[in-house]
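Asker: Please find the sequence and the predicted model below.
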Amino acid sequence: MHAIYAWLIGPFVEFDFLRRALVGALALSLSGAPVGVFLMLRRMSLTGDAMAHAILPGAAIGYLLYGLSLPAMTFGGLAAGFVVALLAGAVARLTQLREDASMAAFYLLSLALGVTIVSLRGSNVDLLHVLFGSVLALDDATLILLGAVAVITLFTLAALWRPLVVECVDPGFLRSVSRAGAPTHLIFLVLLVLNLVAGFHALGTLLAVGVIVLPAVSARFWARQVTGMAAVAIAVAALSGWLGLALSYHHGLPAGPAIILVAGVIYVLSLCLGPVGGLVWRALPGRHLEA
């Protein structure tokens, strides 16, 4: 018991910066994981990755003008994310190019432009901060932002839960019985961008989508209902943040990548051992039906 306390609890009791990092990781888990479940069910996981990179130019412009200013980088990231989403949708509607291809094109342009803008003013340390975040250096303003995004996300999901679920299962049916389809999709994209910007401040643009997608795809192997998937995804994300920070502290690893690596290990274990379509369970002989 002493070893478990020293490894998993002691560092968070002793160091304030680890407690702040844990609170930030838990806030991201509460908001990002349920969004990731709907992202996965809509087959938009790679779109989430593209959107994570799309916010980089706006955040970089905010950094170029005001330095590492939380409001400037937040509003810049939000603006860039919405602009790229609208441009990708417009290109898909006005040309023969599909939305995923246009999103990929804008994602590559956004990543290159953002890195270039940061490099114009900052050092390699600043570039690493933008790309990989600084979860161990969260200040009060950033924690308030993460908490506000979590509250907004949870209340919005509670209000739109039924149309979101119906749109994932049968969007044609939702369009036939209600006009909520298009507004629901738009609001979901807003939630996605909000959570990516929040994750950007903690984990950077390259890893922000990891805390959204990996817990969601892990939860797919443990639950069949959407509500169950969201609950499991939150638990997986929170556990990844806790274990990742502990691993980072004890072994001197970068905190953000450590969190995502733990989430990746949980995904592999879920893929192998999960009772809902896991490889081990699929390999077991099924029960024969009896008359």
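Answerer: It's in.
Asker: show me the contacts for residue 15.
Answerer: Residue 15 makes contacts with residue 249, as judged by C-beta atoms under 8 Å, 6 or more residues apart in numbering. Backbone N, C-alpha and C define where each C-beta goes, glycine included.
Asker: Next, count neighbours for residue 238.
Answerer: As a burial measure, residue 238 scores 19 neighbours (other C-beta atoms under 10 Å).
Asker: so which strand or helix has it?
Answerer: In this assignment (DSSP states H and E), residue 238 forms part of helix 226-251.
Asker: now residue 165: how far from residue 182?
Answerer: In this view, residue 165 and residue 182 are 17 Å apart by C-beta to C-beta, to the nearest Å.
Asker: pLDDT-wise, which helix or strand of the chain ranks last?
Answerer: helix 124-132 (a mean of 67; mean pLDDT, DSSP states H and E).
Asker: Could you point out the helix or strand that follows that helix?
Answerer: Later in the chain than helix 124-132, the nearest helix or strand by DSSP H and E is helix 140-169.
Asker: Tell me which helix or strand the residue lying closest to residue 234 once chain neighbours are set aside sits in.
Answerer: Nearest in space to residue 234, with sequence neighbours left out and distances taken as C-beta to C-beta, 6 or more residues apart in numbering, is residue 33 at 4.6 Å. For residue 33, the host element (DSSP H and E) is helix 16-41.
Asker: quick check: angle from the strand or helix carrying residue 52 to helix 16-41?
Answerer: Element membership of residue 52 [criterion: DSSP H and E] is helix 45-54. With axes from the mean of the first three to the mean of the last three C-alpha atoms, to 10 degrees defining the directions, helix 45-54 sits at 130 degrees from helix 16-41.
Asker: Run through who's touching helix 45-54.
Answerer: Looking at helix 45-54 with C-beta under 8 Å, 6+ apart, the contacting residues turn out to be 36, 39, 80-81, 84-85, 100, 103-104, 106-108, 110-111, 114, 192-193, 196, 199-200, 205-206, 208-209, 212-213, 216-217.
Asker: Just the buried ones among those, please.
Answerer: Buried members of the contacts of helix 45-54, scored by 16 or more other C-beta atoms under 10 Å, are 36, 39, 80-81, 84-85, 103-104, 106-107, 110-111, 114, 192-193, 196, 199-200, 205-206, 208-209, 212-213, 216-217.
Asker: residues of the helix holding residue 33 that come out buried?
Answerer: For helix 16-41, by 16+ other C-beta under 10 Å, it's 17-18, 20-41.
Asker: give the contact list for the spatially closest residue to residue 238 that is not a sequence neighbour.
Answerer: Closest residue in space to residue 238, ignoring its immediate chain neighbours: residue 29 at 4.3 Å, by C-beta to C-beta, 6+ apart. Contacts for residue 29 (C-beta under 8 Å, 6+ apart) come out as 211, 215, 234, 237-238, 240-241.
Asker: Pick the one among the residues you listed closest to residue 221.
Answerer: Taking C-beta to C-beta as the measure, residue 215 is the one of these closest to residue 221, at 11.5 Å.
Asker: How about the contacts made by the closest residue to residue 142 other than its chain neighbours?
Answerer: Nearest non-adjacent residue to residue 142, counting by C-beta to C-beta, 6+ apart: residue 201, 5.2 Å away. Contacts for residue 201 were tallied using C-beta under 8 Å, 6+ apart; they are 70, 73-74, 133, 138, 142, 145-146.
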